[in-house]
Structures are given as structure tokens and as C-alpha cells.
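Q: sequence and predicted model, in that order:
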Amino acid sequence: MEVVEYRPALLPLAAAELDYLLGLVRANSGSRVLQSITPTREPGVFEVTPGSFVGRLGLPTGRWIDFRSRFPLSDVVQLIRQSGRRPVRADTLPVDAAARHFLIDAIAIAYAREVEHLVGRGLAKGYEPVRHERPPYPGRLDVAHHVGKLGARPDRLATIARRLTVDIRENQALAAALDVLTHVPLDRDAAVRIAALGPAFHRVSRRSWRAEDVGRIRLTNLTTHYRQALALAETILRSQSLAPTSAGLAGGSLLFHMPKVWEAYVAQWLRRTWPHHDVRAPYAFPLTNDGQKAEADATVWDGGRLVALYDAKYKWPDHAPDRADVYQMVTYCERLGLTECTLVYPVAAERPAVTVGSRTVRVLGLMPSLEKG
């Protein structure tokens, strides 16, 4: 079964499937997987309207629903790859992964990019205790081992010393996710990049990792830059069916909330466009004098001076920009002291700019296929 963003589709649903999907309708209104499910005159057939999600959702009966974007598949894949956003749902209900498993490729590319960045900086290290029973004897005397295991023999000593190593929990989790991806059929680019990362982890021990274990890792000041890579590693390990499980391929349910993917992609684009500025995405600020706050998708700063305001709108701009978007941005400009701002849509809009009083709202159409360089 297949649905497209915000477009109603008639789907035959079993009772168990309907009950499962109704739970997704009742979810948080800001990111509901399904907007509505309406009965039709035909028994067992329902009109299903999805939200703005892309991916594949498994159902309790073993069937699944493909969520497709209104935009070209190649652009959607690039958005997911370059944004680095993790899925908002990563369920264990199995789905077929043999055909059109582009989400696996997208996750693999995003993961490869994050891990390549970590390897380029040098994998984080930590200290581990190592026992020495042969000279030289670094560290301190291991009294318990010397007495309990060596019988306090005067001709035998044992010491404990701390050794700096890359074999820490953070790197072990990354290595486990890499091992999973090496057993998944990927496109050539993804497979080559994943394989090239293997030697960087040859001194990292392998052990059984669950997705929940990755989520429990407490990052330190030295490993905070691991956050995004570990989030993707958790996604890979949670989708236990990314790898072949039998003669066929099975995949875990993976859904990406495309407005959040779009916001992350625009933020990445801004950092490339404004290389010597501070891009803050998102940026929260007081909207009213009584303490109400708003959050802009992205702002650009030159030191302590705000120089640009952007808002990412994952919409098909038939008549863009619409009135609500313009009023929102004019209000933001008024509050932040700017004379102009930019709305960023996935495709070009009819009007390049709208002026309201002394404020100008510019409109930019941006997609991976449209970027130059």
C-alpha cells in the first residue's frame, strides 16, 4: 500500500491494522503520522490522509504502508542524507527491504558522513585499567591480585596502570552499527564509504549492542561531538531488520518527518552559504512583552549582531508565500529589529519577494538538485 503526503488514499484495512493506525492519528497533533482515517461506503476500506512523512511503516498483519513525498525521490534522498536527521519513528514491525530500500542508503550515507568527521578529528579516547605481571611494573601495586591469586609470593608482582585507549563505549557503539551496515545491501557510494571506515575501528572491541544501550551512553565534554553519530547508530541498531534475516530481506519501520528534515537541511545550507558567520538553528527569542516566546528556524550572526533571518517551509508553494507565512515573518522581523527576512521553500515560488510596510519578505526556492557547486 502507498500514500503520498497529505493526499487522501483509499486503503483496505484489517481490524488489527485499523486499530494500530488509529493510534497514530491520536498522536501529537504537530507531528501526526496520519491526519485522519475516515470510513467509506465499502466495508473494510478507509480514506487515509497521511501527514508529511517519508518512509515505510510496518503493520501488525505483516503488511506495510509506503509513505511517499510530493517531491522527486532523488531530492528527498539527498535531503535525508545531507540533513543528518534521525527518523522520528524506528519501529520493530518488519517490512520488506528488498525493493526501493533508499532509506537504508540514506541512513548509511548520513552515518558515514558523521563517522568520517569523527575519524578525521581523531577518535575519542579514555583510560582503562590494565594489570601487569611482568616487568617493568607501571602503576600501583595490585594487592588483592597479588595476595589472592599469586599467594603473596615475593618473586611475583602485579600492578595496575591506566592505559589510554580508543576502546571506549562510544566507539564500540559506532563499530557495532558499522558492522550491521556491512551486511546490508547498499548502493555503491554508501558501501564504499562504510567499508573505508572499518580500519579506523580495528582496535575497538566488538560486543553485543542494543539500541537501548546506545541511548544510555552519557556523553562527556570530550565526546559531545559524538551525539549525532550515536543517534544514527541507535537508529541502525534499533532497526534490527536492516540486515538480512533469512533468504529474503526484512527492514524495520522507518519514518522521517520531512519538515524537520527540511529545517536541518536549510541550516546545513546556511552554514555553507555563510562560512564566516554564526548560524543558530533554531533560535528562540521573546515574542511578546508578557513572556511568550517564538522560535525562528535559523538566524545568522556576525559576532553579536543579527544579520539575517530564515524560515524553512516544507510546502508546495502554489501561491507562495501564503498570508500566514508573511505575517509570521513580518512579526519576527519587527521583534528582532530586521528590515528583511527569507522564506525557504523546496521549490521556486511565484513571487520572489513581498513587502509589508518597511519589511521585505524574500522567497527562495532550494532543492539539492538546484544547488550549484
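A: Sure, I can see it. The structure displayed is predicted, hence computed values, not measured ones. Numbering: from 1, shown residues only.

Q: from here on, just use CA atoms for contacts and neighbour counts.
A: Noted.

Q: give the buried residues for the top helix by length along the chain.
A: Using DSSP state H to define each element, the chain has its longest helix at helix 102-121. Using 16 or more other C-alpha atoms under 10 Å as the test for burial, helix 102-121 gives 102-116, 118.

Q: repeat that for stretch 59-67.
A: For stretch 59-67, burial by neighbour count (16+ other C-alpha under 10 Å) applies to Leu59, Trp64, Ile65, Asp66, Phe67.

Q: can you check stretch 144-152 too?
A: His145, His146, Leu150.

Q: quick check: mean pLDDT of it?
A: In this model, stretch 144-152 has a mean pLDDT of 81.

Q: again, but for stretch 16-35
A: Throughout stretch 16-35, pLDDT has a mean value of 79.

Q: got the CA coordinates for that stretch in PDB?
A: Extracted C-alpha coordinates of stretch 16-35, given in PDB (Å, rounded to 0.1, in the frame of the first residue of the first chain):
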ATOM      1  CA  ALA A  16      -5.900  -5.100  13.600                       C
ATOM      2  CA  GLU A  17      -4.400  -2.600  11.100                       C
ATOM      3  CA  LEU A  18      -7.100  -0.100  11.700                       C
ATOM      4  CA  ASP A  19      -6.700  -0.300  15.400                       C
ATOM      5  CA  TYR A  20      -2.900   0.200  15.100                       C
ATOM      6  CA  LEU A  21      -3.200   3.200  12.700                       C
ATOM      7  CA  LEU A  22      -5.900   4.900  14.800                       C
ATOM      8  CA  GLY A  23      -3.200   5.300  17.500                       C
ATOM      9  CA  LEU A  24      -1.100   7.200  15.000                       C
ATOM     10  CA  VAL A  25      -4.000   9.600  14.300                       C
ATOM     11  CA  ARG A  26      -4.300  10.300  18.000                       C
ATOM     12  CA  ALA A  27      -0.600  11.100  18.400                       C
ATOM     13  CA  ASN A  28       0.800  14.600  18.900                       C
ATOM     14  CA  SER A  29      -1.000  17.000  16.600                       C
ATOM     15  CA  GLY A  30       2.100  18.700  15.500                       C
ATOM     16  CA  SER A  31       3.700  15.600  14.000                       C
ATOM     17  CA  ARG A  32       0.900  13.100  13.400                       C
ATOM     18  CA  VAL A  33       1.800  10.300  11.100                       C
ATOM     19  CA  LEU A  34      -1.800  10.200   9.900                       C
ATOM     20  CA  GLN A  35      -4.100  13.300   9.700                       C
END
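
Q: next one: it to chain centre, how far?
A: Between the centre of stretch 16-35 and the centre of its chain there are 21 Å (C-alpha atoms, centre = their mean, to the nearest Å).

Q: okay, buried residues for it please.
A: Glu17, Leu18, Leu21, Leu24, Val25, Ser31, Arg32, Val33, Leu34, Gln35.

Q: likewise stretch 286-300?
A: Neighbour counts over stretch 286-300 (16+ other C-alpha under 10 Å) mark Leu287, Ala296, Asp297, Ala298, Thr299, Val300 as buried.

Q: what is the burial count for Glu212?
A: Glu212 has 11 neighbours, counted by other C-alpha atoms under 10 Å.

Q: where are the low-confidence patches of the chain?
A: Along the chain, the model assigns pLDDT under 70 to residues 26-31, 73-74, 77, 81-82, 84-103, 185, 238-254, 317-320, 349-350, 368-373.

Q: kindly report the domain assignment for it.
A: Domain assignment for the chain by automatic domain parsing gives 1-96, 126-165, 274-370.

Q: figure out which of those is closest to Ala191.
A: The closest of the domains of the chain to Ala191 is domain 1-96. By C-alpha to C-alpha, the value is 14.2 Å.

Q: distance from the closest one to the middle of the chain?
A: Averaged C-alpha coordinates place domain 1-96 at 18 Å from its chain's average position (C-alpha atoms, centre = their mean).

Q: for Val363, phi and psi?
A: With angles defined as degrees, to the nearest 10, Val363 sits at phi -120, psi 130.

Q: give me the neighbour count for it.
A: Counted with other C-alpha under 10 Å, Val363 comes out at 22.

Q: just to revisit the earlier point, between the buried residues of stretch 144-152, which is closest to Arg169?
A: Nearest to Arg169 out of those is His145 (C-alpha to C-alpha; 26.0 Å).

Q: quick check: that closest one touching Arg156?
A: No: using C-alpha atoms under 8 Å, His145 is not in contact with Arg156; the gap is 10.7 Å.

Q: which element is Ala161 on?
A: Element membership of Ala161, judged by DSSP states H and E, is strand 159-165.

Q: now what about that strand, what contacts it?
A: Contact with strand 159-165 is made by 125-133, 137-142, as judged by C-alpha atoms under 8 Å, 6 or more residues apart in numbering.

Q: how distant is the longest helix of the chain from the center of its chain?
A: On C-alpha atoms, centre = their mean, the centre of helix 102-121 falls 11 Å from the chain's centre.

Q: list the buried residues in stretch 125-141.
A: So stretch 125-141, judged by 16+ other C-alpha under 10 Å, has buried residues Lys125, Arg131, His132, Pro138, Gly139, Leu141.

Q: how about the contacts made by Arg335?
A: Contact partners of Arg335, counting by C-alpha under 8 Å, 6+ apart, are Leu287.

Q: actually Gly303, not the one I typed
A: Counted by C-alpha under 8 Å, 6+ apart, Gly303 has contacts His277, Asp278.

Q: quick thing: my sequence starts at 337, can you match it?
A: From this message on, residue numbering opens at 337, which makes the last subject Gly639.

Q: look up how far Arg449 lies from it.
A: Separation of Gly639 from Arg449 (C-alpha to C-alpha, to the nearest Å) stands at 29 Å.
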